[in-house]
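Chemist: For reference, the sequence and a predicted model appear below.
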Amino acid sequence: MSYSYLLDTNILSDFIKHPTGRIFSQIQDVGEEKICTSTK
């Protein structure tokens, strides 16, 4: 699988604080299958 977007700490923090906000909308537009996060 090929990912297009790597979410950094600031983006994840905003998404957690505002789960139906701007980041959520952008993830829906792109498609969640193209999103990844780092575990390190």
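Modeler: That came through, no problem. Residues are numbered from 1 along each chain as shown.

Chemist: Tell me where this structure has strands.
Modeler: For the chain, strands defined by DSSP state E occupy the ranges 5-7, 35-37.

Chemist: Can you lay out these as CSV showing mean neighbour count, mean pLDDT and distance to Ile27?
Modeler: The way it works is simple: take the backbone N, C-alpha and C, and place the C-beta from them, glycine included. CSV is the format used below for the strands of the chain (neighbours: other C-beta atoms under 10 Å; pLDDT from 0 to 100; distance: least, C-beta to C-beta, whole Å):
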stretch, mean neighbour count, mean pLDDT, distance to Ile27
strand 5-7, 13, 94, 8
strand 35-37, 14, 94, 6
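
Chemist: how far away is the spatially most central residue of the chain from Thr37?
Modeler: The residue at the geometric middle of the chain, judged as the C-alpha nearest the mean C-alpha position with C-alpha atoms, centre = their mean, is Leu7 (5.1 Å). The span separating Leu7 from Thr37 equals 5 Å under the rule C-beta to C-beta, to the nearest Å.

Chemist: can you map out the helices along the protein?
Modeler: Ranges of helices in the chain, per DSSP state H, are 9-17, 22-30.

Chemist: can you pull the buried residues of the first one?
Modeler: Looking back up the chat, that one is helix 9-17. By neighbour count with 16 or more other C-beta atoms under 10 Å, helix 9-17 contains the buried residues 11, 15.

Chemist: Please enumerate residues in contact with stretch 28-40?
Modeler: Applying C-beta atoms under 8 Å, 6 or more residues apart in numbering, the set of residues contacting stretch 28-40 from outside is 1-8, 12, 27.

Chemist: same thing but at 6 Å, please
Modeler: With C-beta atoms under 6 Å, 6 or more residues apart in numbering as the test, stretch 28-40 has contacts from 3-7, 27.

Chemist: Show me the shaky parts of this structure.
Modeler: 1 (pLDDT under 70).

Chemist: Which one of the strands of the chain lies nearest to Ile23?
Modeler: Ranking the strands of the chain by their distance to Ile23 (criterion: C-beta to C-beta) puts strand 5-7 first, at 8.1 Å.
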